[in-house]
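> Have a look at this prediction, sequence included:
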Amino acid sequence: MLPGMPARRATVTEAVAHIRDGDTILCSGFGLVGAAMSLLEALATQSTARDLTVVSNNIGEPGRGLGVLLRQGRIRHGISSYFTSNPEAVAAVNSGAITATLLPQGTFSEAIRAGGAGIGGFFTPVGAGTLLAEGKEQREIDGVLHVLEAPIRGDVAFVYADRADELGNLWYRKTARNFNPLMAAAATLTIAEVREIVPVGALEGESIHTPHIYVDLLVQSDDR
Amino acid sequence: MTADDARRAIAARAAAELKPGEFVNLGIGVPTMIPDYIPAGSEVFLHSENGIIGVGPRPAPDDVDPDLIDASKLPVTELPGVSFFDSADSFAMIRGGHVDVAVLGALQVSEAGDVANWAVPGRDVLGVGGAMDLVVGARRVIITMTHVTSSGEPKLVPECTYPLTARACVDVVITDLAVFRFVGGRLTLTELMPGATLDGVAAATSARYATAL
């Protein structure tokens, strides 16, 4: 989050102009549900930023979402729990075109949460004693082996919300919430793509999932 | 018995393990058939890792809501009392022991209750999803699988040779031949599936086990 600034409206073109070569982008969505499809499309067609690290549960689908950037050869590294849902991402890792960090999905989620919450890492029993703990500190806690996991932060987060008010308070719909609230908090610049932007006061305060303190730019979605 | 009949028999038997009111996470494959066999009036609450408790049946094609999917990324419906939450909360529920039961498939289960269900040696190890979190965190782990591989190799083995998902985490194994439980830490055959014999199970199992029918 940029300090001291309210969320402001931007076009997708203005929004993706913030992406620099070598940036780490947090991209929400479980598959493509809850993914910021308009922002991803604009990044593919209106930006030349390359050597990107993408943090996303899946690397899109073949030719869709992050799958487009993958085909363009602009992804250098992926951090994900399930590359397998895009066979082209698996092929890219196997050919050495991109490098990969695989994390259990709960560790992936918690690492992003920790990144946004100022936590320097955490011990989880998940993955301890397995291939995915190799090279990581392991420690027995209350008789159970745990593995130390690092937080994840991004330069930019692409999140998708069904509704936002003009301040940038976000409301997600059904299972499209997934990683969005975590990623919104864990990036230097958080860009929210929104289906419907409503006046301040139109969302109930108790129903807001992501308070606007986390949101920098609001973009109208043309995806749905 | 066809392969589908065998899978349905496993799903039906697994459904009988679930107690009314329990919070249950169903993995992909055979576990997705389990809701068909949960008797009316003994409903469980289905949790899906992508952030929902109260998963209902698959919708009719005209009723698909693009924002409402399960962990298989397929459309579902929601039941009255449904709740939605983010992925960190979802896995807090799983790791924190709030999910009563996880039902998952497996490639191998060892006689120590280790499970391998996410990677095959020499193939891509690029998808783990929530499998590790579920077997570590769920209070009861039920494995549903065919007793042997498609080439006839036992899946209940002395020691997993595939990459481990987690150690000593399995409570119940339900196959097309038998039900096994870990009793005092020992793999124990507790029930034969219809048509199966003790000799048939012994011939298809390389793990050591006790028998307590």
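Yep, that arrived. Residues are numbered from 1 along each chain as shown, chains lettered A, B, ... in the order given.

> Would you state the helices of the chain in chain order?
No chain was given, so I picked chain A. Secondary structure of chain A (DSSP state H): helices at A:12-16, A:37-46, A:66-71, A:87-95, A:105-117, A:180-185.

> wait, chain B
B:3-15, B:87-95, B:131-137, B:198-203.

> Buried deepest among the ones you listed, which one?
By mean neighbour count, with neighbours taken as mean count of other C-beta atoms under 10 Å in any protein chain shown, helix B:131-137 ranks first of the helices of chain B at a mean of 29. Where C-beta positions appear, they are placed from N, C-alpha and C, glycine not excepted.

> that older thread, so which of the helices of chain A is nearest B:Ser150?
Checking the helices of chain A against B:Ser150 by C-beta to C-beta gives helix A:87-95 as the closest, at 21.5 Å.

> list the helices and strands the closest one packs on?
helix A:66-71, strand A:75-80 (3 or more C-beta pairs under 8 Å, 6 or more residues apart in numbering or on different chains; DSSP states H and E).

> Among the ones you listed, which comes closest to chain B?
Chain B sits nearest to strand A:75-80 of all the helices and strands packed on helix A:87-95, at 8.0 Å, using C-beta to the nearest C-beta.

> Please report the distance of the residue of chain B most remote from its centre from A:Ala176.
Each residue of chain B has a distance to the centre, and by C-alpha atoms, centre = their mean the biggest one is for B:Asp62: 30.0 Å. Counting by C-beta to C-beta, to the nearest Å, the gap from B:Asp62 to A:Ala176 is 20 Å.

> what does B:Thr161 give?
40 Å.

> And stretch A:216-224, what's buried?
Buried residues in stretch A:216-224, counted by 16 or more other C-beta atoms under 10 Å in any protein chain shown: A:Asp216, A:Leu217, A:Leu218, A:Val219, A:Gln220, A:Ser221.

> related to what we said a few turns ago, okay, the helices of chain B in JSON lines with distance to A:Gly34 and mean pLDDT next?
Shown next, in JSON lines, are these (distance: least, C-beta to C-beta, whole Å; pLDDT from 0 to 100):
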{"stretch": "helix B:3-15", "distance to A:Gly34": "30", "mean pLDDT": "94"}
{"stretch": "helix B:87-95", "distance to A:Gly34": "10", "mean pLDDT": "98"}
{"stretch": "helix B:131-137", "distance to A:Gly34": "19", "mean pLDDT": "97"}
{"stretch": "helix B:198-203", "distance to A:Gly34": "45", "mean pLDDT": "98"}
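
> now these in TSV, with distance to chain A?
Compiled in TSV, the helices of chain B are given as follows (distance: least, C-beta to the nearest C-beta, whole Å):
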stretch	distance to chain A
helix B:3-15	22
helix B:87-95	3
helix B:131-137	4
helix B:198-203	29
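
> which of B:Thr161 and A:Ala176 has more neighbours?
A:Ala176 (26 against 12; other C-beta atoms under 10 Å in any protein chain shown).

> That one contacts A:Gly34, correct?
Yes. With contact defined as C-beta atoms under 8 Å, A:Ala176 reaches A:Gly34; the gap is 3.7 Å.

> I appreciate the help and will end here.
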